[in-house]
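In: Take a look and give me a structure for this.
(chains A, B and C)
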Amino acid sequence: MSGRKDLSNSEEVPPIDLHGLVRELFPINRSLTGAGVRETLAILARHVQLELREVPSGTAVLDWQVPLEWNIRSATIRALDGRCLVNFADHNLHVVGYSKPIHKEVSRAELAEHVHTLPDQPELIPYRTGYFADDWGFCMPDNLWQTMQDEAYRIDIDSDLSPGSLTYGELFLAGELSDEVLITAHICHPSLANDNLSGIAVAVALAMRQARLPRRLGYRFLFIPATIGAITWLARNESELGKIRHGLVLTCIGDTGPFHFKQSRSGAPIDNAVAHILRHSGHPYEIVPFNPYGYDERQFCSPAFDLPMGCFMRSVHGTFPQYHTSADNPGFVKPQALNQSYEVVASLLDLLDANWMYARTDGRGEPQLGRRGLYRAIAGQKEAGGASQMDLLWLLNLADGKHNLLEMAERAGIPFGRLQKAVRLALDADLIREVVLD
Amino acid sequence: MSGRKDLSNSEEVPPIDLHGLVRELFPINRSLTGAGVRETLAILARHVQLELREVPSGTAVLDWQVPLEWNIRSATIRALDGRCLVNFADHNLHVVGYSKPIHKEVSRAELAEHVHTLPDQPELIPYRTGYFADDWGFCMPDNLWQTMQDEAYRIDIDSDLSPGSLTYGELFLAGELSDEVLITAHICHPSLANDNLSGIAVAVALAMRQARLPRRLGYRFLFIPATIGAITWLARNESELGKIRHGLVLTCIGDTGPFHFKQSRSGAPIDNAVAHILRHSGHPYEIVPFNPYGYDERQFCSPAFDLPMGCFMRSVHGTFPQYHTSADNPGFVKPQALNQSYEVVASLLDLLDANWMYARTDGRGEPQLGRRGLYRAIAGQKEAGGASQMDLLWLLNLADGKHNLLEMAERAGIPFGRLQKAVRLALDADLIREVVLD
Amino acid sequence: MSGRKDLSNSEEVPPIDLHGLVRELFPINRSLTGAGVRETLAILARHVQLELREVPSGTAVLDWQVPLEWNIRSATIRALDGRCLVNFADHNLHVVGYSKPIHKEVSRAELAEHVHTLPDQPELIPYRTGYFADDWGFCMPDNLWQTMQDEAYRIDIDSDLSPGSLTYGELFLAGELSDEVLITAHICHPSLANDNLSGIAVAVALAMRQARLPRRLGYRFLFIPATIGAITWLARNESELGKIRHGLVLTCIGDTGPFHFKQSRSGAPIDNAVAHILRHSGHPYEIVPFNPYGYDERQFCSPAFDLPMGCFMRSVHGTFPQYHTSADNPGFVKPQALNQSYEVVASLLDLLDANWMYARTDGRGEPQLGRRGLYRAIAGQKEAGGASQMDLLWLLNLADGKHNLLEMAERAGIPFGRLQKAVRLALDADLIREVVLD
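Out: Here you go, the predicted structure:
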C-alpha cells in the first residue's frame, strides 16, 4: 500500500503542469547571476508569492564574496570566411559559464585550449563553467570539433562581467509553530532539465500546495544559485537557522530512475521520515549515507550549521550519462516521473506536519472500546484483531507521550496514514490528547 | 546442553500430574464470572494456599465496571416435536458466553442470527462470548446446523445475569527482597484445554514448587478472568505495582508446538532471561516482539503501567486450527509438553532468583588459583583452560559489580547454571562477594 | 591500498634483523626468573636503553608473591650403565620449568610420573612448567620414551630454587603528552621462537623506531615474565595506570598465519584503531572478542584495572600444532612474517600518535577552496570530486571538534593516512586547527 494513498486517499494531481513548466524554463540561459536567473524567478512568481532578493556583487558572505554579475548576449565561432560554426543562440551550453568577453582571431591550437568536448559521447555538448577563472571557453560535440581543422578561427563572445547582484527567490509560508521545513532547489544551471528544472518545478508545485493547506509548521522555499546562493542565504539568515526542523534539497527528480535519499549529516528525523514514506510508496528507492559532495547540503550541513537536511533525488548526479550534457533536456524528464516525485514529497510534508506525540487521557489498562462503539460486540471470533482494530490498539498502547506517530507506525509496521485514522477515532472518543510541544 | 540440566542437574518432575489437572478442570463451565470460576479455584486451592477475591458487580475498575455475574443451568434447542437437537449439557461451548435467559419458539431465520458455526471446520463447535452484548446465542458444528431445516424451533436458555461478583485467585509467596515475580493465567475459558487449562495447571505446579524453595524474590500467582480480571487486579493493586520486577503471562503451553515468547513492551530483563533459557533448553523456540494484541500483557503493558512482563506460549493463539474450538480438548494437550513447559519456566524462575551481581574481593590481577586448589599444579599443557577453568576465569574477570550473572553467561557464551557453579567455588574461596542491591 | 603505504609511503624496514635476534635469543634458557632472563634482557639492552628491574623473592605483589629464583646448570637421565639418554644440554625443553634439584636412581614406574610426552606428536618435546609445584620433571619425544624400557634410571637435575629476584626490563620514551601507549612481551619462555621471541624482537624494534621519532604520546615497553611479571609490574605501578591510553600485548607474531587481534575487555579506541589498520593492511586478519584466557591481557584487563589493551597475534596460541613444543623453533618463524608484524604495529603506533580532533577555523559553509589553490579552476566536469578532493571535503565537513581522524577515516571509508595528507593541506591553508586536549 503506498504512502500516498494512505495519506491522501487519492492520487494527488500537482496544481501545475510540471513538465510544461520545465519546458517553459528550459530555453532560458541561467548562471550564478544575471538576467536568466531573474527571468526564471519571474516565471515562478506567477505561481507563488516569491520574494526576490538582490545581493550586490562584492558582498562578503562567510568565506566568500558575491561574484560579479555575468550576462551574455551572443557568442560564435566562425571560420575565417565568415561561416558560423558554433553559435550560442543555438544552445546555451555552447559557452562556458562566466566566460569573459572576447573578440579575436585565434589559431586552432589556441582555440583548442578553450574548447570542451566529450570524446566518449561525441554527439553531446558538455556543460562547463569557470565562475572564478577569468577565462573563456566554448563547448561543442566532439564530432563537430573533429571537423574543425582550419588553421584559425574568429571568435566573439559578447558578455559582461561587471558589478551587479546575485539574485534568488524566497517564499515563506508561516505555520502555527515557529519551526520550519526548508525546501531548496538550485537555479543556476542553464538548459539542463533534470538538473535542476525538475527540482524547481516540483518545489514550486509544493509551495502552491502548502500555501492552500493548514500548516502546523512553517514552509520555506528557496530558489538559489548553487553553493554561492546557499552561502549567501546562510550568511544573511544565520540567526534564524535554529528554526529549521527539517530540510530537503530537491534535485534531479524528473527522470525515471529509482528514488535516492541522501541522509542528513548527523542523523535527523527527516531521515526516518523519508525512509518511511519511500518504504510505503511502492516505488523503488535507495537510502544513501551523507557525504560531503553533491548539492547544497554541502553548505547546509557544514559543521557549524549541521542542519537536519537531506538531499532528495531520483538518479544521482554523475551516475547517468545525460548528466551535465545537452542530453539532459526536457525529453529526458518525464511527466509521470515529475508527478511521482511531487506526490512522494507531498506525502512527506503531510507526515512531517502531523508527526506529533499523543498520550492516553488515562493510560491505565485498555479503555473499554465496546461502550464507545470501537469494538465488535461479539468477541472471541478468529477474525478479531483485524487491521484497523490493530491500528487502534497500537495507538492506544504507544500513546504514552514518548512515541511520536512515526515511531508508532514504524513499531507497528504500518503506514503513517493508517495511524492518522486511528488518531482521529481516538481523539473523537477522548481516549488520547496531543502532547503539547515545549 | 539444556538450561534445565545446568540449573537443576536432573530432570525435574512437576509436583502434580499436570495433564490430570487439565482433565479434571475441563468439564467445568467457566466464564468471566460465576460458579464455574469458583469451582475451578476451589480445585486449585487444594494444592496451594490460594486466596479467593470477590469483587462486586458494578465496581468501577479503571475505565471499566465489574460486570453482572452470569450463571447458566441448562440450554437446549428442540424441534417442535420435542426432540432435543442441541444441549448445553453435552458441551459447554454450545452456548455463547453471557447469553441472557430466553424461552421461546423462534423461526429458523431468527435462530440463524443467533447461531455460530465454522463452515471450514464443520465438525467443530466454535467458542463465542458476548460479555457486554445483552444477547443470546448457540454454537454448534456446521454439519449439524445444515441438517436443521425445520421452519421453527423451541429454544430454552436457563441462565442468570444478575448482580454478584467477579472472582479471582491470588497467591503470594514472600521472598527475602520486596521485589516480586508475577505469574498470571486466565481462568475465564470454559471447556478449552490449551487455552488456558495448560497455563493454569503449570502455574499451580510452579506455585507449589516455589513455595518449597528458598526465595530471594517474592512470587505472586494470579488466576484471573482475562481482560476484566487483569483490569480489576491492577485497579486494586495500583500502589504496589512498583514491586514487580519480572512478569510472565502463561497461556497455551500444553500443545507440542515450539515455544514462543512475546517480549515486554519497553524491553526488560525478563526478555533476556527467557531468551537465555530457551537458547540453552534444547527445545525449538521463537522470540516475538511485543504487540498490543494477545492476552493480559495488553493490560499489564498498557502505557501507564508498562510492567516488565512478557507472554510465554507454545503455539500462538489464533495460529493453530484447534484454537477457540471444541478441538482444543485434553487430547490436544500432551503430558510431555506440559512437563517441558513446567521445566523451562522453573529454570527461568531459578535464573531470576539467582541473577545477582558479584564483585571480586580484590579485583587487581587474577587471584592465585593454585594456592587455593583451583588450578592444576602443572600449567603450560595444551589442554589448560578447560571448560570449568574457563567458567571460573570468566566469573573472576567479569565480577566487577557491573555485570549480573546472566550478562556474564551471555558474554561467556555458556549456560547460566555453569556460572552458578563457578560462583559457589569463588564464594567459598572468598574471591568474590555478592553486590548488595539498593 | 595498505595502511602502511598510506602512512609511510614506502615499505618500512625494521631497524634490526628481527629473525637474527630470534635466532640469537633462542638457545638461552628462560623461565620466570633466573640467569636466562637476565642474559636475554642484556642482549635487548644493546639495542634500546632498557632499565632492568630486580624484585626480591617473597615480595608481596597483589594476590601473589614473587617466587624463588630458579637456575639450572645441568640435567640428565642416564641408563644405569651410564649412557646419557636425555640431556638438558641438548634442549632447554627437556626439563620441566622450576624443577627442584634431584639426584637419585628411580624405577621406570616412578620416572613415568615425571615424564611428559606428546603421543600424538611423537617426535616433539613438549613444553611444561611447574612454577609452584615443588616437583621435578622431564619432557621428551614420545618415540624416545617408548624405547626406554629399563627397570631403573639414574636422574640428575642440578638446579637451584632459592631466594633471588624476579627480573624484568622496562623502557619509557616520554612524549609531549603524559598519556602513554603500553607495549608488552613476555620473556619467560625458554627455547620457543614464536611464543614469544617473535613478540620480544618486534617490541625491541618498535622501541628503537619510536625512540627516533617525534612523539605526542609516551611509549612504554615491558619485557616481563608472564602472569607474575605483569602482576609485579601492576603492583609497583598502580598509581600510574591512569596514564595508559592504549596498550598491546605482543605474542606469536612470527609465523605466517593471518593476524588476530583480541579486543580489549570493555571496548577501547585501540580496538577501532587496530581494526582500521588491519582492514587497510591488505593482509588477512580476524578480530576476536576479549576472553579471560590468553596472555597478560588477563592481568591488565582484570576488573579493577580494566586497561584499554588488546592482544596482537598472528596464529592464536593453542591453535597451531607447533605451540608449546620443540617445533616452535626459529625455522617456524619467518623473517617476512616478523617484518610484516613490525610494519603493521608501526602503522598502528603512527595512527595512535596522530589521531587527534580538528575543528574548522570557521565551520560555516565550505571554504572557498579555489582562491587557496585547493580546487580546480574549471568546475562542473564529470571528473570533479576525485579522490584527494573528496578526502579534503570529508575532513572539512567532519572537522567539528567532535570527530577524531580515525572516526573521519572510518566514516569516509578511506585509510587514515589519506586523511593525514588532507590535514596537512588544510592546516597549511589555516582552514582547520587542532583541538587541544583537556
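In: What about A:Asn196, how many residues nearby?
Out: Using other C-beta atoms under 10 Å in any protein chain shown, A:Asn196 has 27 other residues around it. In this view, the C-beta of every residue, glycine as well, is placed from N, C-alpha and C.
In: Now do the same contact list for it.
Out: Counting by C-beta atoms under 8 Å, 6 or more residues apart in numbering or on different chains, A:Asn196 touches A:Ala185, A:His186, A:Ile187, A:His189, A:Leu250, A:Thr251, A:Cys252.
In: Nearest to chain C among those residues?
Out: Of all the contacts of A:Asn196, chain C sits closest to A:His189, with 9.4 Å by C-beta to the nearest C-beta.
In: The closest one in helix, strand or coil?
Out: coil (DSSP: H, G, I helix; E, B strand; the rest coil).
In: and the gap between it and chain B?
Out: Distance from A:His189 to chain B, counting by C-beta to the nearest C-beta, to the nearest Å: 48 Å.
In: shouldn't that residue be in contact with A:Asp195?
Out: Yes. Between A:His189 and A:Asp195 there is a contact under C-beta atoms under 8 Å: 5.8 Å.
In: just to revisit the earlier point, now for the contacts of A:Asn196, which pair is the farthest apart?
Out: Largest separation among those by C-beta to C-beta: A:Ile187 and A:Cys252, giving 14.2 Å.
In: my hunch is that A:Tyr168 is in a helix, does that hold up?
Out: No. Counting by three-state DSSP, A:Tyr168 is not part of a helix but strand.
In: Give the closest residue to it in space, chain neighbours not counted.
Out: A:Ile224 (4.3 Å; C-beta to C-beta, 6 or more residues apart in numbering or on different chains).
In: does the closest residue to A:Met309 other than its chain neighbours count as helix, strand or coil?
Out: Using C-beta to C-beta, 6+ apart and skipping the chain neighbours, the partner closest in space to A:Met309 is A:Gly247 (3.2 Å). State at A:Gly247, reduced to three classes by three-state DSSP: strand.
In: about what we covered before: in contact with the residue nearest to A:Tyr168, which residues?
Out: When contacts are taken as C-beta under 8 Å, 6+ apart, A:Ile224 is in contact with A:Tyr168, A:Gly169, A:Thr184, A:Ala185, A:His186, A:Ile187, A:Ala230, A:Thr232, A:Trp233, A:Asp296.
In: Could you export the residues you listed to CSV, including columns for neighbour count?
Out: Converted to CSV, these look like this (neighbours: other C-beta atoms under 10 Å in any protein chain shown):
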residue, neighbour count
A:Tyr168, 28
A:Gly169, 26
A:Thr184, 30
A:Ala185, 28
A:His186, 25
A:Ile187, 29
A:Ala230, 28
A:Thr232, 24
A:Trp233, 25
A:Asp296, 26
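In: Show me where the stretch 1-150 of chain A has its strands.
Out: A:51-56, A:60-61, A:64-65, A:69-79, A:84-87, A:102-107, A:115-116, A:138-139 (DSSP state E, counting those that start in this stretch).
In: Who are the packing partners of the third one?
Out: Using 3 or more C-beta pairs under 8 Å, 6 or more residues apart in numbering or on different chains; DSSP states H and E as the contact criterion, the elements in contact with strand A:64-65 are helix A:228-236.
In: Which pLDDT does the model give A:Leu374?
Out: At A:Leu374, the pLDDT value in this model is 84.
In: got any ranges where the stretch 301-438 of chain A has weak pLDDT?
Out: For the stretch 301-438 of chain A, the stretches with pLDDT under 70 are A:376-387, A:437-438.
In: for chain C, what are the nearby residues on it?
Out: By C-beta under 8 Å from any C-beta of the partner chain, the residues of the stretch 301-438 of chain A that approach chain C are A:Cys301, A:Ser302, A:Pro303, A:Ala304, A:Phe305, A:Asp306, A:Gly318, A:Tyr323, A:His324.
In: next one: the stretch 101-250 of chain A
Out: Residues of the stretch 101-250 of chain A lying near chain C (C-beta under 8 Å from any C-beta): A:116, A:126-133, A:135, A:137, A:227, A:230-231, A:234-235, A:238.
In: Thanks again, I'm all set now.
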